[in-house]
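1. Model the following, please.
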Amino acid sequence: MVKKSSRAAPRRPRKDAQLNRERILEVAKSAFTHHGGEASLDEIAKRAEVGPGTLYRHFPTRDALIEAVYRSEVERLASAEGKFAATMPPIEALRAWMLLLVDYIAAKHIVAPALNSVVGGPSRLYESSRSLIQGAMESLVQRAKESGDIRPDTDASDLLRAMVGVSLVGSGPDWQQSAKRLVDILIAGSRPAQKPVVRTGA
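-> Next comes the predicted model:
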């Protein structure tokens with residue numbers, strides 16, 4: 001008789017677990033958009049093609065899942081700063097990141113109703129993300145200053161306030177398009193002044 005191995009089956013690769021987590025977050029973001037904070041977690045697991053047990057291993061509570069959806073958007077925005085800085089000229093990196101900021105603000109609007117159901121409210125989450133976003137903007141602006149692409153007096157906080165302001169003012173479905181147009185206006189307004197060409201002779 002062949003003796004059965006007593007060794008446990010190998011665990012699934014960590015990559016699979018990470019993919020499951022990312023898929024759950026993407027589906028949860030959509031579910032919270034359409035159904036608010038009371039969206040069915042079992043339905044989220046089903047649409048993400050994982051078992052309920054898998055969902056609860058990653059996110060033990062509803063609050064944990066809602067917070068993770070928001071934090072994933074913040075982390076995506078913050079990590080993009082380094083990627084853009086490493087692969088693009090300074091002014092292009094700044095513009096690309098500001099366009100991504102518009103998408104982040106849109107996502108924040110989407111999950112805001114669900115965040116209101118989290119214990120303690122959304123304020124502590126917003127506070128923890130503010131420094132990450134501010135830091136990314138300041139780094140990109142400083143890099144563009146050093147390259148001479150924008151004026152030395154350009155203030156990263158002013159750019160952030162302008163971007164957030166247009167999202168608060170705009171309530172129509174096309175506010176994102178307006179915000180992305182504003183990015184180019186802000187970039188153009190931050191450029192160094194061009195010296196006039198002095199013509200001599202007849």
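2. Residue 133 contacts residue 157, correct?
-> No: between residue 133 and residue 157 there is no contact under CB atoms under 8 Å: 10.9 Å. Backbone N, C-alpha and C define where each C-beta goes, glycine included.
3. So which of those two has more stuff around it?
-> Neighbours were counted for residue 133 and for residue 157 using other CB atoms under 10 Å; residue 133 has more, 19 against 11.
4. Can you name the residues that contact that one?
-> Counting by CB atoms under 8 Å, 6 or more residues apart in numbering, residue 133 makes contact with 74, 77, 78, 101, 104, 160.
5. how about these in a markdown table, adding neighbour count, pLDDT and distance to residue 62?
-> Conversion of these to a markdown table gives the following (neighbours: other CB atoms under 10 Å; pLDDT from 0 to 100; distance: CB to CB, whole Å):
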| residue | neighbour count | pLDDT | distance to residue 62 |
| --- | --- | --- | --- |
| 74 | 19 | 85 | 19 |
| 77 | 21 | 88 | 24 |
| 78 | 17 | 86 | 25 |
| 101 | 23 | 89 | 28 |
| 104 | 20 | 82 | 23 |
| 160 | 19 | 89 | 31 |
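6. Please, where are all the helices along this structure?
-> 14-35, 41-47, 52-58, 62-87, 90-115, 123-147, 156-169, 175-190 (DSSP state H).
7. Just name the most buried of those helices.
-> Neighbour counts (mean count of other CB atoms under 10 Å) averaged over each of the helices of the chain peak at helix 90-115, with a mean of 19.
8. starting at the chain centroid, how far to that one?
-> What separates the centre of helix 90-115 from the centre of its chain is 5 Å, taken as CA atoms, centre = their mean, to the nearest Å.
9. Remind me what that helix packs against, helices and strands.
-> Contacts defined by 3 or more CB pairs under 8 Å, 6 or more residues apart in numbering; DSSP states H and E place helix 90-115 against helix 14-35, helix 62-87, helix 123-147, helix 156-169, helix 175-190.
10. can we see that at 6 Å?
-> When contacts are defined as 3 or more CB pairs under 6 Å, 6 or more residues apart in numbering; DSSP states H and E, helix 90-115 sits against helix 14-35, helix 62-87, helix 123-147, helix 175-190.
11. how does the chain divide into domains?
-> Per automatic domain parsing, the structural domains of the chain span 15-60, 70-190.
12. sorry, back to before: rebuild the helices and strands packed on helix 90-115 as TSV, extending it with distance to residue 97.
-> Output for the helices and strands packed on helix 90-115, formatted as TSV (distance: least, CB to CB, whole Å):
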stretch	distance to residue 97
helix 14-35	21
helix 62-87	5
helix 123-147	6
helix 175-190	10
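13. which sections of this structure are below the confidence cut-off?
-> 1-13, 110-125, 167-173, 194-202 (pLDDT under 70).
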